[in-house]
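J.: got a sequence here, can you build the structure:
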Amino acid sequence: MSRCLISQAEVQGFIERCMTTVGTKKHHARSLAEVLVEGDRRGHYSHGLNRMDMYVKDIQSGICAKDGEPVVDKESAATALVDGKNLLGPVVGNFCMNLAIKKAKEVGIGWVVAHGSNHYGIAGYYAMQALKENMIGMSYTNTSPLVVPTRAKECTLGTNPISMAAPANDGDSFVLDMATSAVALGKVELHHRRGDEIPEGWGCDAQGKLTPDPAKVLSGGGLVPIGGCEATGGYKGYGLGMMVEVFCGILAGAEYSNRVRTWKVTDRVANLGQCFVAINPDNFAPGFNDRMSDLLSIQRGLTPAESGSPVLAAGDPERANMAKCEEMGGISYHLNVVNFMNECATRIGAGTLLPVDRLLSN
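T.: Next comes the predicted model:
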């Protein structure tokens with residue numbers, strides 16, 4: 001598996017050039033690039049450079065707006081409803097999270113929901129913005145229906161990710177960023193391309209039965225919620241997916257459930273619903289950061305069940321990946337992804353391509 005090393009600045013500039021080439025405003029392109037690069041830096045490659053061509057197509061086709069800015073439809077001291085104006089998801093996400101943080105500074109909490117949004121990258125990016133202000137951040141989004149509810153046969157929920165970030169001492173933090181499905185669709189697709197079976201509990205066939213065959217999941221079946229089948233607690237993941245739908249599609253007046261357009265089918269605007277929350281710990285019991293550090297220390301200090309596999313807290317694997325990027329001086333990308341994105345850039349006439357000559361040894 002050939003991989004090459006590319007600096008964060010190079011990837012950032014490349015994505016910005018590609019997006020502005022197809023007509024995206026410069027500051028909108030920057031917002032998108034920052035989210036995608038952060039996804040890669042944290043090791044979530046499925047939501048980074050790998051997705052750039054999707055955003056390019058959305059702008060090129062006109063299914064996603066390139067002009068305008070998000071607008072506040074209504075607000076109170078602590079809440080707001082935002083119209084994303086069908087702009088790029090990161091543009092909407094940054095606007096909403098900044099507004100939530102502003103409200104939390106003023107009254108202790110900010111709860112902002114948006115309709116008229118699009119795919120916004122990793123949910124954790126927005127939750128983590130609150131950490132810069134020593135606040136708790138949360139972010140949720142609904143997505144295209146890919147998940148089959150417990151006892152059902154049809155996909156009616158998205159992977160509906162949730163994220164929560166909480167600050168601790170000395171720059172440490174708890175950062176939860178997860179889908180409410182058992183696994184991401186991309187992992188099933190990867191197993192299918194390899195001709196491998198998937199672990200039981202990832203997806204089901206068209207009859208709603210768990211299957212190890214990725215082809216059955218991708219053709220008529222679907223992903224299952226966290227927990228798998230009903231006997232192993234899949235209904236809990238189903239409930240979490242529904243919770244996200246309440247906070248996003250329902251509360252914001254956006255599309256929801258199987259009313260959201262089919263994944264990768266751009267026959268109509270997405271009109272995704274998203275939710276952004278900031279909470280100021282100073283409005284509650286004193287010593288929040290100290291207790292958070294203690295909580296994290298308790299978990300990390302546990303004796304591991306298997307030697308060499310320490311107990312981690314949410315956000316630790318991502319921190320390790322970022323440290324590795326820092327040590328290498330860049331982000332490690334699969335050569336196939338780089339070549340594919342360079343082809344995309346060439347087609348649209350975006351100019352300078354990503355370097356492909358810094359190959360890493362396996």
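
J.: tell me the centre residue of the protein?
T.: residue 122 (2.1 Å; C-alpha atoms, centre = their mean).

J.: now it: phi and psi?
T.: Backbone torsions for residue 122, taken as degrees, to the nearest 10, come to phi -80, psi 130.

J.: pretty sure it contacts residue 41?
T.: No: assessed by C-beta atoms under 8 Å, residue 122 is found out of contact with residue 41, at 10.4 Å. C-beta: built from backbone N, CA, C; applies to glycine.

J.: need the residues touching each of the two.
T.: The contact sets of residue 122 and residue 41 do not overlap (C-beta atoms under 8 Å, 6 or more residues apart in numbering).

J.: any low-confidence regions in the stretch 201-350 of the chain?
T.: Nowhere does the stretch 201-350 of the chain drop to pLDDT under 70.

J.: which parts of it are strands?
T.: Along the stretch 201-350 of the chain, counting by DSSP state E, counting those that start in this stretch, strands occupy 203-204, 222-223, 272-279, 331-334.

J.: format these as TSV; extra columns: distance to residue 18 and mean neighbour count.
T.: As requested, the strands of the stretch 201-350 of the chain are exported to TSV (distance: least, C-beta to C-beta, whole Å; neighbours: other C-beta atoms under 10 Å):
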stretch	distance to residue 18	mean neighbour count
strand 203-204	32	28
strand 222-223	30	27
strand 272-279	22	28
strand 331-334	15	20
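
J.: got the contact list for the residue nearest to the centre of the chain?
T.: Counting by C-beta under 8 Å, 6+ apart, residue 122 has contacts 35, 38, 39, 42, 44, 47, 161, 163, 177.

J.: quick check: the closest residue to residue 63 other than its chain neighbours vs residue 55, distance?
T.: Using C-beta to C-beta, 6 or more residues apart in numbering and skipping residues adjacent in sequence, the residue nearest residue 63 is residue 266, 4.5 Å away. According to C-beta to C-beta, to the nearest Å, residue 266 stands 12 Å off from residue 55.

J.: more neighbours: which of the two?
T.: Neighbour count, other C-beta atoms under 10 Å: between residue 266 and residue 55, residue 55 has more, with 25 against 15.

J.: now the more buried one: which helix or strand?
T.: Per DSSP states H and E: residue 55 is located in helix 52-61.

J.: follow-up on the earlier one: out of the strands of the stretch 201-350 of the chain, which comes closest to residue 304?
T.: strand 331-334 (26.7 Å; C-beta to C-beta).

J.: secondary structure and distance to residue 198 for the contacts of residue 122 - can I get that in TSV?
T.: As requested, the contacts of residue 122 are exported to TSV (DSSP: H, G, I helix; E, B strand; the rest coil; distance: C-beta to C-beta, whole Å):
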residue	secondary structure	distance to residue 198
35	helix	28
38	helix	28
39	helix	23
42	coil	24
44	coil	20
47	helix	20
161	coil	20
163	strand	25
177	strand	22
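
J.: what's the closest of these to residue 111?
T.: Closest to residue 111, out of all of the contacts of residue 122 and judged by C-beta to C-beta, is residue 163, at 14.9 Å.

J.: so the closest one bridges to which residues?
T.: Under DSSP bridges, the beta-bridge partners of residue 163 are residue 139, residue 177.

J.: just the terminal-to-terminal distance for stretch 191-211.
T.: 13 Å (C-alpha to C-alpha, to the nearest Å).

J.: my guess is residue 66 contacts residue 58, does it?
T.: No: using C-beta under 8 Å, residue 66 is not in contact with residue 58, being 9.3 Å away.

J.: quick one: residue 337 and residue 165, what's the gap?
T.: 27 Å.

J.: more neighbours: the two, which one.
T.: residue 165 (25 against 18).

J.: confirm the more buried one sits in a helix?
T.: No: Residue 165 is assigned strand when assessed by DSSP: H, G, I helix; E, B strand; the rest coil, not a helix.

J.: what's the closest non-adjacent residue to it?
T.: Using C-beta to C-beta, 6+ apart and skipping residues adjacent in sequence, the residue nearest residue 165 is residue 127, 4.1 Å away.

J.: from residue 9, how far off is that neighbour?
T.: Distance from residue 127 to residue 9, by C-beta to C-beta: 25 Å.

J.: which of those two has more residues huddled nearby?
T.: residue 127 (27 against 10).

J.: tell me if I'm right that the more buried one and residue 164 touch.
T.: Yes: counting by C-beta under 8 Å, residue 127 does reach residue 164; the two are 5.9 Å apart.

J.: give the intersection of the neighbour lists for those two.
T.: 137, 138, 175.

J.: I'd guessed the first one sits against residue 123; true?
T.: No: under the contact definition of C-beta under 8 Å, residue 137 does not touch residue 123, with a separation of 10.1 Å.

J.: once you drop chain neighbours, what's closest to residue 229?
T.: Per C-beta to C-beta, 6+ apart, closest to residue 229 is residue 210, 5.7 Å.

J.: one more: residue 235?
T.: Using C-beta to C-beta, 6+ apart, the closest residue to residue 235 is residue 150 (4.4 Å).
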